[in-house]
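Peer 1: After the sequence you'll find the predicted model.
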Amino acid sequence: MIVLDSLVKRFGDVAAVRGISLEVPDGRVTGLLGPNGAGKSTTLRLVYGVQRPDAGRALVDGIDVAVDRQGALARLGVLPHNAGLYPHLTARENIRYYGALHGLSGAALERRIDALAELLELKPLLGRRTKGFSQGERVKVALARALVHEPRNLVLDEPTSGLDVLATRNVRELVRNLRDAGHCILFTSHVMQEVAALCDDIAILAHGRIVAHGTTADLAATVPGGSLEDAFVAALSAGESS
Amino acid sequence: MRPALTVFRKEFLENLRDRRTVLSALVLGPLGAPLLFAVMMNVTLERNREHDERPLEIALAGRGTAPNLIAFLEGEGVRISAIPGGADGAANAIRNHHARLALVIPAEYGQRVESGEPARVLLYADSSDTSAGADRARAEGLVAAYGARIASWRLAARGISPAIVQPIAIDEIDVSTPAARATALFGMLSYFIVFATLMGGLYVAIDATAGERERGSLEPLLTLPVARTSLVYGKILAACAYMALSLLLTITTFAVSLSFVHLDRFGMQLNLGVRTAAEIYAVMLPFVLLGAALLTLVASFTRSYREAQSWLGGLVLVPTMPILFASIYQLAPRIGLMWVPSLSQHLLIQSLLRGDPVGPAAIALSAGATLAFGILLAGLAARLYSRERILG
């Protein structure tokens, strides 16, 4: 479970995140939806401890990221936006490097890599250097890397951006499977269809604030006609005037 | 410490597969520099030798005759050739590179010698032709020697001892040893060694910092439950490993290639056997940490691979500056200079090559001060990575 508690983050005079509180429960997919520049990535960076909040807390399974960064990160799998791989290493070596930094080693680590390769359908890629991998192949390796230590909680920043239809389907399916296995998943997208197709809960972000939050059905029901897109636009314009 | 070792292993492997790193760290620097150096040395030495052994050539012009002077010069092994046209002909011959030196004997020469008056001869040379300088000095010396001989005959004919006009006689005694003469020549060797060592870590440091950021692999790396200091130390360690390898190869190729340069023929000798090579390696090792930390620290500030490349390209010259100063000002090794990194290594290497005794205090101070600077810079790099802005 991930809890955001009144998070605030400023860059100079610009407030990127202005008091975000959100509970991301286990066994559900929670989507942060918002236009570019709404503060999605910054919010996630506060969760995975790359940036420190000016106020508020981010908790992973009850552990404050600012207090015990390593304890919190050990329970978190992260796929940052446009995550890069090491081109001179094979897919297996890329995943193994992260496993080793999580403290895994030996046969257990290799078995874990094989299992992830099975899950993500990247068996044939494992022995190849990642230089020249397609965007879809790269995302798969980066996902395997984020999952290598079997984290309970997952943070995915725009995981499907740049992917073709088939690869997007695969990622969605994987996310659903992880949810069904009881994982807590927080992910961002600026594409509404993406969020609608995948999320149980949605938080709509605008100008560093959550302007609407609820289940997909709840949000759709707030506007006449019951379309999520209308609800999104309505929430954004309401956020604009506030 | 374990995460640092994991980072080190990964960076080492990754760079080993990077053709650019391998080429610059393990091939170009360690092989190129010493080979170039040895070839340059050989050519220079051979040319000097040819110079000394080649007979002096003088073109002779003018309307006068000086049979005794010519006989004297020929007796000293000078090749005399005649050119027409008097003084103008001599000047043209020099300008057109038909001759390097031309001696013009004026018409009144013979008569003036006979009457005991100063007899003028004109020596034509081109002072902008640096390679002719030695020839000119030899020619002047020979003509002056002939003049001194005539003078002593004239004195003797008047019953005066020639010694009376030679109140002081100078004898030059060269006290340099063969090894010391060689080090004057090999003063640039430590410069090459320091430079090749830094080049060994250049691309590793760039790849581990600016390269990592540019590829987008830094952010996911920072989401791992690992202290950022461990990440930085692992990266510095990887740069150290490549620099140490580069250093080892450079010293080895220097020792091997210079053994083919025939120094003994020029009265020189170089102490670069296995033992000295190992001592130079040991003296240089503390500098490896300093260099790796410096490169990593500066590369961490840069935004892109290209930016890092241009910054570090200039940075590798900084540690070679004290060496240039030492060469220009002919600094002698003394304990007060041993705390200056790169300068102390240079001075110690010079002493080792000359076969001079090197005190343990100097070695300890050099190693201690250099390591201290290295640890300081590594700590600074670690602090830099602990800041948020490292993601850029």
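Peer 2: Thanks, I have it.
Peer 1: got the residues of chain A near chain B?
Peer 2: A:48-52, A:69-74, A:76, A:78-80, A:82-89, A:93, A:97-98, A:100-103, A:129, A:142, A:145-146 (Cβ under 8 Å from any Cβ of the partner chain). For the C-beta atoms, the positions are set from N, CA and C on the backbone; glycine is no exception.
Peer 1: Any of those buried? List them.
Peer 2: Among the residues of chain A next to chain B, those that count as buried by neighbour count (16 or more other Cβ atoms under 10 Å in any protein chain shown) are A:48-51, A:69, A:72-74, A:76, A:78-80, A:82-89, A:93, A:97-98, A:100-102, A:129, A:142, A:145-146.
Peer 1: In chain B, where is pLDDT below threshold?
Peer 2: Along chain B, segments meeting pLDDT under 70 span B:47-53, B:179-186, B:266, B:392.
Peer 1: Return the longest helix in it, judged by number of residues.
Peer 2: For chain B, the longest helix by residue count, based on DSSP state H, is helix B:228-258.
Peer 1: Could you tell me the angle between the helix or strand harbouring residue B:285 and helix B:228-258?
Peer 2: Per DSSP states H and E: residue B:285 is located in helix B:274-301. Per axes from the mean of the first three to the mean of the last three Cα atoms, to 10 degrees, the angle that helix B:274-301 makes with helix B:228-258 is 140 degrees.
Peer 1: which helices and strands sit right next to helix B:274-301?
Peer 2: helix B:189-206, helix B:228-258, helix B:305-315, helix B:343-354, helix B:360-385 (3 or more Cβ pairs under 8 Å, 6 or more residues apart in numbering or on different chains; DSSP states H and E).
Peer 1: Show me which positions of that helix end up buried.
Peer 2: For helix B:274-301, by 16+ other Cβ under 10 Å, it's B:276-277, B:279-281, B:283-300.
Peer 1: Contacts for stretch B:214-229, please.
Peer 2: A:48-50, A:69-74, A:76, A:78-80, A:82-87, A:98, A:101-102, A:142, A:145-146, B:3, B:212, B:231, B:304-305, B:382, B:385-386, B:390-391 (Cβ atoms under 8 Å, 6 or more residues apart in numbering or on different chains).
Peer 1: What degree of burial does whatever residue of the stretch 51-200 of chain B ends up closest to chain A show, as a neighbour count?
Peer 2: Per Cβ to the nearest Cβ, residue B:200 is where the stretch 51-200 of chain B lies closest to chain A, at 18.0 Å. A count of nearby residues for residue B:200, using other Cβ atoms under 10 Å in any protein chain shown, gives 32.
Peer 1: measure it to residue B:32 for me?
Peer 2: 12 Å (Cβ to Cβ, to the nearest Å).
Peer 1: can you check residue B:15 too?
Peer 2: From residue B:15 to residue B:32 the distance is 19 Å (Cβ to Cβ).
Peer 1: Likewise for residue B:99?
Peer 2: Distance from residue B:99 to residue B:32, by Cβ to Cβ: 40 Å.
Peer 1: Give the residue from residue B:15 and residue B:32 that has the larger number of neighbours.
Peer 2: residue B:15 (22 against 17).
Peer 1: Send me stretch A:69-80 as CSV with only the CA atoms.
Peer 2: Extracted C-alpha coordinates of stretch A:69-80, given in CSV (Å, rounded to 0.1, in the frame of the first residue of the first chain):
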residue,chain,number,x,y,z
ARG,A,69,14.5,5.6,2.0
GLN,A,70,16.2,2.2,1.5
GLY,A,71,13.5,0.4,3.6
ALA,A,72,10.7,1.9,1.5
LEU,A,73,12.5,1.4,-1.8
ALA,A,74,13.1,-2.3,-1.0
ARG,A,75,9.3,-2.7,-1.1
LEU,A,76,8.8,-0.7,-4.3
GLY,A,77,9.3,-1.6,-7.9
VAL,A,78,9.8,1.5,-10.2
LEU,A,79,9.5,2.0,-13.9
PRO,A,80,10.4,5.7,-14.5
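Peer 1: OK, now which residue of chain A is nearest to chain B?
Peer 2: For chain A, Cβ to the nearest Cβ, closest residue to chain B: residue A:84, 3.2 Å.
Peer 1: Helix, strand, or coil at that residue?
Peer 2: Secondary structure state of residue A:84, per DSSP: H, G, I helix; E, B strand; the rest coil, is coil.
Peer 1: Perfect, I'm done here.
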